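> Dropping the sequence and predicted coords here.
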Amino acid sequence: MTKYYEYRHTVGFEETNMVGNVYYVNYLRWQGRCREMFLKDRAPAVLEDLQQDLKLFTLKVDCEFFAELAAFDDLSIRMRLTELAQTQVQFGFDYVRLDENGETLVARGSQRVACMRGPNTRTTPARVPEALAKALQPYA
């Protein structure tokens, strides 16, 4: 079994800059999309909880670049759990280009998320939902 959750993506023209390579903010968008798809696929109970009073606040994101991507590159964003605390989760992301020559690590990033509950004007820290903690265990 793989130790990461995988989200596949093909780069589009709208994700590139005038030079033709991928604009950096898209790497951060892909982290968010990977996390969303993980919730949809592996922790749907958390999505229901988000409709109530659970909030997942992104506290920190980063990304280190090793190689460039261009339009129509096929990409695997691989998310893994790097830390699970009482109220926060930290994810690691590997961005891997897939082509006829195999796999190339093009970037690596991370994201720290805090769990909060309550109305928007009065949120307080909350424990990581059990459904999320359980869904993340295979990716630790």
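Okay, I see it.
> what about the strands in the chain?
Along the chain, the stretches classed as strands by DSSP state E are 5-10, 54-65, 74-84, 88-99, 102-117, 124-125.
> Show me which helix runs longest in this structure.
Longest helix of the chain, by residue count under DSSP state H: helix 25-42.
> ok, and what's touching that helix?
Helix 25-42 has contacts (CB atoms under 8 Å, 6 or more residues apart in numbering) with 5, 7, 9, 11, 15, 46-47, 58, 61, 63, 65, 75, 77, 79, 91, 93, 95, 107, 109, 111, 113, 132, 135. C-beta here means a position set from N, CA and C on the backbone, and glycine is covered the same way.
> Tell me the buried residues within these.
Burial by neighbour count, 16 or more other CB atoms under 10 Å: within the contacts of helix 25-42 this picks out 5, 7, 9, 11, 15, 46, 61, 63, 75, 77, 79, 91, 93, 95, 107, 109, 111, 113, 132, 135.
> can I assume the third one is in contact with I77?
Put plainly, it is H9. Yes - shown here, H9 and I77 form a contact pair, counting by CB atoms under 8 Å, at 6.4 Å.
> quick one: the residue nearest to the spatial centre of the chain and T16, what's the gap?
Residue closest to the mean C-alpha point of the chain, counted by CA atoms, centre = their mean, is Q31 at 3.3 Å. Distance of Q31 to T16, computed by CB to CB, to the nearest Å: 18 Å.
> what does R35 give?
From R35 across to T16, the span is 23 Å (CB to CB).
> One more: G32?
Note on G32: its distance to T16, by CB to CB, is 19 Å.
> Look at the two and report which has more neighbours.
With neighbours defined as other CB atoms under 10 Å, G32 and T16 compare such that T16 has more, 19 against 12.
> Could you give the bridge partners of that one?
V22 (DSSP bridges).
> List the residues that contact it.
With CB under 8 Å, 6+ apart, T16 has these contacts: V22, Y23, A70, A71.
> Surely the last one is in contact with Y23?
No - distance between A71 and Y23: 11.5 Å, which falls outside the contact criterion (CB under 8 Å).
> any shared contact partners between these two?
Contact criterion CB under 8 Å, 6+ apart; residues bridging A71 and Y23 by contacting each: E15, T16.
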